[in-house]
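Generate a structure from the sequence data that follows.
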Amino acid sequence: MSKARIIHPVILCGGSGTRLWPVSRKARPKPFLPLVGEETLFEQAVSRVAGDDRFAAPIVVAGASHGDLIEAQMHGAPHRLIVEPAARNTAPAIALAAALIPEDDIMLVCPSDHHIADPAAFRSAGLAAAALAAEDYLVSFGIAADRPETGYGYLHRGKALPGGFAIAKFVEKPDRARAQAYLDSGEYSWNGGIFAFRAGALLAELARHRPAMAAAVRASVDKGREEGTRFHPDADSFAAIEGDSIDYAVMENTARAAMVPADMGWSDIGNWAALHDALERDGRGNAVRGEADLADCSNVLAMSDGPRISAVGLEDVCIIVSDGEVLVTTRDGAQAVGKLPGASNQ
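Purely as a prediction, here's the structure:
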């Protein structure tokens, strides 16, 4: 890019993490839990851009119920918290942040509940994405695919750009055969939900493709109020928004969609099987947190906050004991944990 621009990390804190029940609860959902290492996923997201003068203080977008958790886990570091009056998916949340920074500044939009094993690779990809964003591309991280994953959307790589590629096509979650074909081709990456935009370019594209949403976001900011480090958008204006994801609202419609390759040990920690994959395992693929005895077991995740777990002869199973609740699921069944009554009625 022609000159260095300020890069604002925008950390999104949405969702309740029901697929990680019973550890993740509405009062303390997935981002605010130390699932991989000693830091919480939110603290990891903040620390990836901390101590680097190429990045401004983070902007956090979250609901009011998690404001105190965020303040506590910022540990006194500078930040700004945008308090969403209602959950309206990622497009309005990102647009709120865009409307509150100078239009020529760059936003690096990061979910708060992902694990990235290589922070240096993340920062390198972030700088490459910022350079493309400064040229008014709307940039997604293209996560290096290492298996035929059916749970993620994919990005089909197009023509080469400086530091990245145009996006030829956004692909919905494929079946196994298509996922394997994508992997074999080497032309596809996972869509990890990490983005870089010039603030003014993002707002212009939103106005072009979702004019009602853009107008409601603008009204909610114009009528909003400051309260210390927190900004409260106008609730009535924001409530009028019909929510949508940034992919559907903007990225799949713009002619300026681009991607930067990112091989950084990424996981969305989307369920217990994904967490198991992100943890250190023994020679038989087992991972243990807390008290557990595993005999003749392979590829088992055992986590307990108190009672001992004892298991014999199991394969491909997750056993979770937390706050008086017990969950047992196969790895294949882990995706459906959020549909259990305990998870939905917490």
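
Let me see the ranges of the helices in this protein.
Ranges of helices within the chain are 41-47, 67-74, 90-99, 119-133, 176-185, 199-209, 211-222, 235-239, 246, 272-278, 341-344, based on DSSP state H.

Can you give me every residue that contacts the spatially most central residue of the chain?
Centroid-nearest residue in the chain: Pro111, 2.7 Å away (criterion: Cα atoms, centre = their mean). By Cβ atoms under 8 Å, 6 or more residues apart in numbering, the contact list for Pro111 reads Ile11, Leu12, Ala45, Gly193, Ile194, Asp268. Where C-beta positions appear, they are placed from N, C-alpha and C, glycine not excepted.

does Asp52 really touch Phe122, like I thought?
No - contact criterion Cβ atoms under 8 Å: Asp52 and Phe122 do not qualify, at 11.0 Å.

re earlier: could I get the helices of the chain in a markdown table, plus columns for mean pLDDT, distance to Asn286 and mean neighbour count?
Converted to a markdown table, the helices of the chain look like this (pLDDT from 0 to 100; distance: least, Cβ to Cβ, whole Å; neighbours: other Cβ atoms under 10 Å):
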| stretch | mean pLDDT | distance to Asn286 | mean neighbour count |
| --- | --- | --- | --- |
| helix 41-47 | 97 | 23 | 22 |
| helix 67-74 | 96 | 30 | 16 |
| helix 90-99 | 98 | 35 | 26 |
| helix 119-133 | 97 | 27 | 22 |
| helix 176-185 | 97 | 26 | 14 |
| helix 199-209 | 98 | 44 | 20 |
| helix 211-222 | 98 | 47 | 18 |
| helix 235-239 | 96 | 46 | 16 |
| helix 246 | 97 | 38 | 24 |
| helix 272-278 | 96 | 9 | 22 |
| helix 341-344 | 90 | 24 | 13 |
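
Which one of those lies nearest to Ile7?
helix 119-133 (5.1 Å; Cβ to Cβ).

chain center to the closest one: distance?
16 Å (Cα atoms, centre = their mean, to the nearest Å).

which other helices and strands contact that helix?
Packed against helix 119-133, as judged by 3 or more Cβ pairs under 8 Å, 6 or more residues apart in numbering; DSSP states H and E, are the following elements: strand 7-13, strand 106-111, strand 138-143, strand 164-171, strand 188-198, strand 257-262.

buried sites along the last one?
Yep, that's strand 257-262 we're talking about. Neighbour-count burial for strand 257-262, counted by 16 or more other Cβ atoms under 10 Å, picks out Ala257, Ala258, Met259, Val260, Pro261, Ala262.

Report the two of these separated the most.
Going by Cβ to Cβ, the pair spanning those furthest: Ala257 and Ala262, at 15.6 Å.

hmm, back to that, which of the contacts of Pro111 count as buried?
For the contacts of Pro111, buried by 16+ other Cβ under 10 Å: Ile11, Leu12, Ala45, Gly193, Ile194, Asp268.

Now the fourth one. Nearest residue, chain neighbours left out?
Same thing as Gly193. Pro111 (5.4 Å; Cβ to Cβ, 6 or more residues apart in numbering).

show me what contacts Phe195?
With Cβ under 8 Å, 6+ apart, Phe195 has these contacts: Ile94, Met107, Leu108, Val109, Ala129, Leu138, Val139, Ser140, Phe141, Ile246, Met251.

one step back: tell me which of the helices of the chain lies nearest to Arg331.
helix 272-278 (4.1 Å).

Pull the CA coordinates from the closest one and hand them back as CSV.
The C-alpha coordinates for helix 272-278 follow below in CSV (Å, rounded to 0.1, in the frame of the first residue of the first chain):
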residue,chain,number,x,y,z
TRP,A,272,-15.7,-31.0,21.2
ALA,A,273,-14.0,-32.9,18.3
ALA,A,274,-12.4,-29.7,17.1
LEU,A,275,-11.2,-28.9,20.6
HIS,A,276,-9.8,-32.4,20.9
ASP,A,277,-7.8,-31.8,17.6
ALA,A,278,-6.4,-28.6,19.0
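
Relative to Asn271, how far out is the residue nearest to Leu327 when sequence neighbours are not counted?
With sequence-adjacent residues excluded and distances taken as Cβ to Cβ, 6+ apart, Leu327 is closest to Ile320, at 4.3 Å. With distances taken as Cβ to Cβ, to the nearest Å, Ile320 is found 11 Å from Asn271.

again, but for Arg147
In terms of Cβ to Cβ, Arg147 sits 15 Å off from Asn271.

So which of the two has more stuff around it?
Remark: of Arg147 and Asn271, Asn271 carries more neighbours, 22 against 10, as counted by other Cβ atoms under 10 Å.

Let me know the pLDDT of the more buried one.
Note on Asn271: pLDDT of 96.

Let the chain start at 123 from now.
Yep, numbering from 123; the last one is Asn393 now.
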